[in-house]
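Q: Predicted model, plus sequence, below.
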Amino acid sequence: MEIDLSRPILARNEALAEANRSRFATSKVFALDVLASPGAGKTTTILATITALRDRYRIAVIEGDIASKVDAEKVKAHGIPAVQINTGGACHLESDMISRALDALPLDDLDLLIIENVGNLVCPTEFDLGQGARVVILSVPEGHDKPLKYPGIFAAADAVLLNKVDAAGFFDFDEAEFVDSVRRLNGDAPIFRMSAKTGEGVDAWAEWLATRIEGSAAL
Amino acid sequence: MHEMGVTTEVLRAVIDAGTAAGATRVNSVSITIGELTEIVPDALQFAWEALTPGTLAAGAVLNIRETGGRSVCLQCGAEFDHGRFDRRCTACESFATQVMVGDELMIDHIDVDVPDGDVEA
């Protein structure tokens, strides 16, 4: 006997992501999912973003890692509430993990929730967390060809950060080639050149994010 | 290897639906995986073989239908086929395009044995 199911494989994750999205809307929190490979500068970028926006917005961070608490400790050292999720081997965050982490945060007292996903350019792509936007960070030392190896994540991004531009002189990074390959996957996402370490370009990215936060609060 | 998690979701849905129908055995499971997703069909097959023994779906064949990318141009309206790496409009070269086919992750249907279930009244 044939049984017609016709349902998304990730229906359970998607339902919980929608529940998270409702909680963000109710509490007027903008959630940002930060995606990148290990070592691209996710935590440094998050700290630079916090520095740029903390006078205007109440911010918290969810740190996703396979193991360890070092990233959450770094964020807390800056006086920002942080919750560490250890996935225990899983290569990406899922919406139920976010749902549990939200219980430990004062959502009504926040404007911006930054979610640092597990360092990985493949696995998180298909898993909606309920975020308001996704940003993908690529760093110059990784090479300009990465959109041609990990197309899904660049196609899904709402913004792309090209980090470590201060190191461009040491690497053969073809920026025009990079921008072109991102555009072929994603016609909309702005691409910001920046260095989270020196602060170069952080303001333009932070202003884009601020615009998104204001836009969602006005809904 | 996120295909393990994806396969776990397939298996969960199959067991739920099979159990609800009173099935004694699952013969086959048909799913659709779009080429534009970051899911590798071979890895799904591998995970399926690892996860199903001892479950209601033991021995069930996993049929994977793969769809290629197809988008519509938001500029000129052309529809065009494309691969994973380039979604630019082939007619007017605009980057403003929208995927129509190729991003599916769907469970389509399953075939099960149900005692008396195959007898049409």
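A: Cool, the structure landed.
Q: Could you list the residues of chain B in contact with chain A?
A: Residues of chain B lying close to chain A by C-beta under 8 Å from any C-beta of the partner chain are B:1-2, B:5-6, B:9-10, B:12-13, B:17-18, B:21, B:23, B:31, B:36-39, B:84-88, B:94-97, B:105-114, B:117-118. Any C-beta I mention is one placed from the backbone N, CA and C, and that applies to glycine too.
Q: Apply 6 Å and report the result again.
A: Proximity of chain B to chain A, by C-beta under 6 Å from any C-beta of the partner chain, involves residues B:2, B:6, B:9-10, B:17, B:21, B:37-38, B:84-88, B:95-96, B:105-107, B:109-112, B:114, B:117-118.
Q: Whichever residue of chain B sits closest to chain A: how many residues sit nearby?
A: Nearest residue of chain B to chain A, counting by C-beta to the nearest C-beta: residue B:95, 3.3 Å away. With neighbours defined by other C-beta atoms under 10 Å in any protein chain shown, the count for residue B:95 comes to 18.
Q: Is it in contact with residue A:183, as I believe?
A: Yes: if you go by C-beta atoms under 6 Å, residue B:95 and residue A:183 touch, sitting 4.9 Å apart.
Q: Please, where are all the strands along chain A?
A: A:2-8, A:30-36, A:59-65, A:82-86, A:112-116, A:133-139, A:159-163, A:191-193 (DSSP state E).
Q: Figure out which of those strands is closest to chain B.
A: Closest among the strands of chain A, using C-beta to the nearest C-beta: strand A:2-8, at 4.6 Å.
Q: Mind listing the residues bridging to the residue nearest to the spatial centre of chain B?
A: Centroid check for chain B by C-alpha atoms, centre = their mean gives residue B:32 as the closest residue, at 2.5 Å. Beta-bridge partners for residue B:32, by DSSP bridges, are residue B:65, residue B:106.
Q: distance of it from residue B:101?
A: 10 Å (C-beta to C-beta, to the nearest Å).
Q: And residue A:171, by the same measure?
A: Residue A:171 is 38 Å from residue B:101, by C-beta to C-beta.
Q: And these two? Which one has more around it.
A: Taking other C-beta under 10 Å, residue A:171 and residue B:101 do not tie; residue B:101 has more neighbours (17 against 14).
Q: Helix, strand, or coil at the nearest residue to the more buried one once chain neighbours are set aside?
A: Spatially, and ignoring its direct neighbours in sequence, residue B:101 is nearest to residue B:70 (4.1 Å; C-beta to C-beta, 6 or more residues apart in numbering or on different chains). The three-state label for residue B:70, taken from DSSP: H, G, I helix; E, B strand; the rest coil, comes out as strand.
Q: looking at chain A, which helix or strand is least sure?
A: Among the helices and strands of chain A, helix A:70-76 carries the lowest confidence by mean pLDDT, DSSP states H and E, at a mean of 89.
Q: can you tell me the helix or strand for the closest residue in space to residue A:12 that isn't next to it in sequence?
A: Closest residue in space to residue A:12, ignoring its immediate chain neighbours: residue B:9 at 6.3 Å, by C-beta to C-beta, 6+ apart. Element membership of residue B:9 [criterion: DSSP states H and E] is helix B:3-20.
Q: Using CSV, list the CA coordinates for that helix.
A: Output in CSV follows, covering the C-alpha atoms of helix B:3-20 (Å, rounded to 0.1, in the frame of the first residue of the first chain):
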residue,chain,number,x,y,z
GLU,B,3,23.2,13.6,6.3
MET,B,4,22.9,11.4,9.4
GLY,B,5,20.6,13.9,11.0
VAL,B,6,18.6,14.3,7.7
THR,B,7,18.2,10.6,7.4
THR,B,8,17.1,10.3,11.0
GLU,B,9,14.3,12.7,10.2
VAL,B,10,13.3,10.7,7.2
LEU,B,11,13.3,7.5,9.2
ARG,B,12,11.2,9.1,12.0
ALA,B,13,8.5,10.3,9.6
VAL,B,14,8.5,6.8,7.9
ILE,B,15,8.1,5.0,11.2
ASP,B,16,5.4,7.4,12.4
ALA,B,17,3.4,7.0,9.1
GLY,B,18,3.9,3.3,8.9
THR,B,19,2.9,2.7,12.5
ALA,B,20,-0.2,4.9,12.1
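Q: near chain B, which residues of chain A?
A: A:1-5, A:7-10, A:91-92, A:122-123, A:125-126, A:148, A:151-152, A:183-185, A:187.
Q: Quote the end-to-end distance of stretch A:52-71.
A: Chord length of stretch A:52-71, first to last residue, is 19 Å (C-alpha to C-alpha, to the nearest Å).
Q: looking at the sheet around the closest residue to residue A:97 other than its chain neighbours, what are its partners?
A: Using C-beta to C-beta, 6+ apart and skipping residues adjacent in sequence, the residue nearest residue A:97 is residue A:85, 5.1 Å away. For residue A:85, the beta-bridge partners are residue A:64 (DSSP bridges).
Q: Around residue A:85, how many other residues sit close by?
A: Residue A:85 has 22 neighbouring residues, counting by other C-beta under 10 Å.
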